[in-house]
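Peer 1: The sequence and its predicted three-dimensional model are supplied below.
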Amino acid sequence: MIIDVHNHADWHGHNLQRTLENMDKYNIDMSWLLSWEAPRDEYSPDNAAGVSPRPEYASILPFGNAVSYAERAPGRFILGFAPDPRRPDSIDRLSAAIEIHGVRTYGELKLRMMFDNLDAIRMYKFCGEKKLPVTVHIDYEFDSGSLYPRQNYWYGGGIEPFERAVRACPETIFLGHAPGFWAHISGDDKYNKEPYPQGKVLPGGKIIDMLRTYPNLYCDMSAGSGCNALRRDPEFAKDFLLEFQDRVLYARDYFDNIHQEFLNSLGLPEDVLAKIYAGNALKLVPIEGVKA
């Protein structure tokens, strides 16, 4: 079984039919469909093509689109929803989505906000009570080439605020994702200088230390950032996946097959691959009648 724990509805030109065809092509049984909402001045206009924003907010990847997919293709999707925790109605909205639509994950959290913001901590603890894993997107500051509406699009505030959040909420499962997370696989100083660092992984990587310290931290290996972090040093990647085989989850955030191709090239034991491809996802989000 294969579960993709990070994808989106109506993403990169893929409607429901194309998404299902793509999943079938790569033997993906289920996908977690994550939404993304943010204030209008916190996301690049490049992300907003075709979006109809509310007066102050835009659902760049609307939760309603994911709900539509789940209704039209039963059994293929797990719903994720991440209302901005800074909004006063955020927990009420998430609670309603859990009750009405069966939301099982909180994601994708992608905001210009320190991830240990006190309102966010309150949301994470609510997610811990409801057994919803939390998927976060971390980016450092890099020049976007323009001045407005923002010179750059950092998210989360870096690894330190994220670590404080993980430490503060031991009953909540966190999935780290994106360049600002995966660059810390290495102990070099490239994490805030290059979004996709290259070269051998050096000892002392922050996420290695965090994984060994915090049992509630997991890894979402999606996108170019996750695949690049592992492909930059395949020998290290194999050791990393063996050590943390219970806390790395297969994910794409796109519609290619680079993650499967890389994973299958490493010669990992079948039981380890089974955990990464589906077992760990089923541990976090159990599905009735499906064994982890």
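Peer 2: Yep, it's here.
Peer 1: how far away is Ile207 from Leu268?
Peer 2: 19 Å (C-beta to C-beta, to the nearest Å). Yep, even glycine has a C-beta here, placed from its N, CA and C like the rest.
Peer 1: That should have said Leu175, apologies.
Peer 2: From Leu175 to Leu268 the distance is 20 Å (C-beta to C-beta).
Peer 1: out of the two, which sits in the busier spot?
Peer 2: More crowded of Leu175 and Leu268, by other C-beta atoms under 10 Å: Leu175, with 28 against 18.
Peer 1: was I right about that one contacting Gly80?
Peer 2: No. With contact defined as C-beta atoms under 8 Å, Leu175 and Gly80 do not form a contacting pair (10.4 Å).
Peer 1: Would you enumerate the residues in contact with the closest residue to Glu171 other than its chain neighbours?
Peer 2: The shortest distance from Glu171 to any non-neighbouring residue, by C-beta to C-beta, 6 or more residues apart in numbering, is to Gly128 (3.9 Å). Applying C-beta atoms under 8 Å, 6 or more residues apart in numbering to Gly128 gives the contacts 169, 171-173.
Peer 1: Is Gly128 in a helix, a strand, or coil?
Peer 2: Following DSSP: H, G, I helix; E, B strand; the rest coil, we place Gly128 in the helix state.
Peer 1: Also Cys219?
Peer 2: The local conformation at Cys219, judged by three-state DSSP, is strand.
Peer 1: Gly279 versus the residue lying closest to it once chain neighbours are set aside, what's the distance?
Peer 2: Nearest non-adjacent residue to Cys219, counting by C-beta to C-beta, 6+ apart: Val248, 4.6 Å away. For Val248, the distance to Gly279 equals 11 Å [C-beta to C-beta].
Peer 1: Among those two, which residue is more densely surrounded?
Peer 2: Using other C-beta under 10 Å as the criterion, Val248 and Gly279 rank with Val248 on top: 23 against 19.
Peer 1: okay, the more buried one: pLDDT?
Peer 2: Per-residue pLDDT puts Val248 at 98.
Peer 1: unless I'm mixing things up, the residue nearest to Cys219 is touching Tyr218, no?
Peer 2: Yes. Look at Val248 against Tyr218 with C-beta under 8 Å: they come within range, at 7.2 Å.
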